[in-house]
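Engineer: Fold the stuff below for me.
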Amino acid sequence: MYGALLATVFFLPYSFALIEIFQVTMIVAWGFKFFLLRKTPVQRTSQGLNFISPGMVWSLTAVALLIVLTIPFSHYPAVSLKKFVTRFLQQIFLMYLVTEIVYDRKRLYGVLSMLLLTFFIVSVDIMIQCMGGKDIFHHTALIYGRVTGPMNHPNDLGTLLVTVLPVVLVLTVTSRIWIPLLCKSFNPLWMGRVVISLLFLLLVVALGLTSSRGAWVAFAISMVTLGVYLKNYKLVIGMVLALGLFLGMFGMHCLNTRHDIYNFPIKQGSLIINQPSASNALGLLFDPNGRESYWSTSVDVIRHYPWFGCGYSAYTQTLKDMHAVHEDYPHNSLLHITAELGFAGLILYGWFFTAFWVQVKNVLDAISRERDLFLLGCGISAGILAWILHSLVDTAWASLQLGVLCWLFMGLLLSLKLLVSNNKGEPLCP
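Structural biologist: Numbers count the residues shown, from 1 in each chain. Predicted structure coming up:
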């Protein structure tokens, strides 16, 4: 199970098929452990469940029941049933499996070390794509000067980066604690901190090169929220200044390359392209860029199916039946949920996320005396917050890779409280 989890983390940005294969491997291994090695898993299973709040369990059960009951009325029942099993149940079980697998610090930091390795490769891929025009995995070309890396779209890459960046920052700060746990002979420790700091800077540059404006805003809000929660107001001021510098540098890059967001054309030689003026540059930088059409279409779907939606994962098929002007996702997670599961689904998901954030507060309170775990918990929470914020203006809710990342981080966050409980009062920090 642990090996399959590491493989899932490693291949997360690159391959849908391998993500599915290793998730199924974890589930099969868990079943083998539970039914054939019953002496040990019963205790571990009860421990894992104890650290998932009742509110989360009951709300997810209610969502699952709603999906099952609405499958017969879905526009495409076969699609809804398939996605219910391979997306909804599988990803929720991933969250639970992480609490089962990550039961000590070595495993926790083993998973996070694999995450660092993965994103080092991603950062190299992005830089090659930026300089050469195509990434090395899928040979994807730049889109209006925007990097995609191994993801399908620059905005997907933006969500991926803003979710991971707070965690990489925390791992840089706490490197002197966790690196000796994995490699006692590693010396000097400052070298590890330098390498991880360099990775953080590369990922920040990569985020800028995505020109994903929604991801930038999500990153800014999550990082400032992290500083405020830690009550480190010098850090908050430093972050605000750094984010201002970031926006100034990459905002100009965005305006000079993203001709798709310009509102009026000018002529250069034989080419007619769009170009902003200084007076409307800021407005263009935060222009919805056609999202009003996606939002309007989703509202039309909600009007047709207000209470229980058009069917789980049947949104794009419903647009085909309605002969909509486009067949794209709503670019807003709340509209997406409501369109597919109606206001009933929106209420139940609201219940779940409320219960989750209450549990986050409980976890952070329980691990507050363990500096590295507490900072890590804050970093993971900031990453999940950034994921949720960007999903309000993009399609993260519909992405397999981004969904797996979110549920994986939820499981890691919940497992932190379990690590302190398993310690039995012994000092955790080396």
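Engineer: Which helix or strand contains the nearest residue to Leu112 once chain neighbours are set aside?
Structural biologist: Counting by C-beta to C-beta, 6 or more residues apart in numbering, Leu171 is the residue found nearest to Leu112 once chain neighbours are left out, at 6.2 Å. C-beta coordinates here come from the backbone N, C-alpha and C atoms, glycine included. According to DSSP states H and E, Leu171 maps onto helix 154-173.
Engineer: how about that helix: buried residues?
Structural biologist: 154-173 (16 or more other C-beta atoms under 10 Å).
Engineer: Would you pull up how far it lies from the middle of the chain?
Structural biologist: Offset of helix 154-173 from its chain centre (C-alpha atoms, centre = their mean, to the nearest Å): 9 Å.
Engineer: For it, give the mean pLDDT please.
Structural biologist: In this model, helix 154-173 has a mean pLDDT of 95.
Engineer: moving C-terminal of that helix, what's the next helix or strand?
Structural biologist: Downstream of helix 154-173, the first helix or strand assigned by DSSP H and E is helix 175-182.
Engineer: Please identify the buried residues of that following helix?
Structural biologist: Ser175, Ile177, Trp178, Ile179, Leu181.
Engineer: Confidence-wise, which of those comes last?
Structural biologist: Among the buried residues of helix 175-182, Leu181 has the lowest pLDDT, at 82.
Engineer: you'd agree it is up against Gly110?
Structural biologist: No - judged on C-beta atoms under 8 Å, Leu181 makes no contact with Gly110 at a distance of 9.1 Å.
Engineer: got the contact list for the closest residue to Lys320 other than its chain neighbours?
Structural biologist: Distances taken as C-beta to C-beta, 6+ apart put Glu327 closest to Lys320, at 6.0 Å, once the chain neighbours are dropped. Glu327 makes contact with Thr316, Leu319, Lys320 under the criterion C-beta atoms under 8 Å, 6 or more residues apart in numbering.
Engineer: same question, Thr25
Structural biologist: Ala4, Ala7.
Engineer: Trp307 versus that one, what's the distance?
Structural biologist: Here Thr25 is placed at a distance of 39 Å from Trp307 (C-beta to C-beta, to the nearest Å).
Engineer: for Met114, same thing?
Structural biologist: 43 Å.
Engineer: out of these two, which sits in the more crowded spot?
Structural biologist: More crowded of Met114 and Trp307, by other C-beta atoms under 10 Å: Met114, with 17 against 11.
Engineer: now that one: how far from Thr8?
Structural biologist: From Met114 to Thr8 the distance is 9 Å (C-beta to C-beta).
Engineer: One more: Met223?
Structural biologist: Per C-beta to C-beta, Met223 is found 27 Å from Thr8.
Engineer: now do Leu416
Structural biologist: With C-beta to C-beta as the criterion, Leu416 and Thr8 are 19 Å apart.
Engineer: cool, Thr118 as well?
Structural biologist: Applying C-beta to C-beta to Thr118 and Thr8 gives a distance of 10 Å.
Engineer: Of those two, which one has the most company?
Structural biologist: Thr8 (25 against 19).
Engineer: Number of residues surrounding the closest residue to that one other than its chain neighbours?
Structural biologist: Closest residue in space to Thr8, ignoring its immediate chain neighbours: Phe22 at 4.4 Å, by C-beta to C-beta, 6+ apart. Phe22 sits with 21 neighbouring residues when counted by other C-beta under 10 Å.
Engineer: Ok, Trp190 next?
Structural biologist: Around Trp190 there are 10 residues (other C-beta under 10 Å).
Engineer: ok, and it, which helix or strand is that part of?
Structural biologist: For Trp190, the host element (DSSP H and E) is helix 189-210.
Engineer: buried sites along that helix?
Structural biologist: 192-193, 196-197, 199-200, 202-210.
Engineer: what do you get for stretch 407-422?
Structural biologist: Here stretch 407-422 shows 407-420 as buried, counting by 16+ other C-beta under 10 Å.
Engineer: One more: stretch 116-129?
Structural biologist: Under 16+ other C-beta under 10 Å, the buried positions of stretch 116-129 are Leu116, Thr118, Phe119, Phe120, Ile121, Val122, Ser123, Asp125, Ile126, Met127, Ile128, Gln129.
Engineer: can you tell me the average pLDDT over stretch 80-97?
Structural biologist: On average, stretch 80-97 scores 93.
Engineer: residues of it that come out buried?
Structural biologist: So stretch 80-97, judged by 16+ other C-beta under 10 Å, has buried residues 80-81, 83-84, 87-88, 90-97.
Engineer: Quick check: end-to-end length of it?
Structural biologist: Taking C-alpha to C-alpha, to the nearest Å, the first and last residues of stretch 80-97 lie 24 Å apart.
Engineer: Likewise for stretch 93-112?
Structural biologist: Using C-alpha to C-alpha, the two ends of stretch 93-112 sit 20 Å apart.
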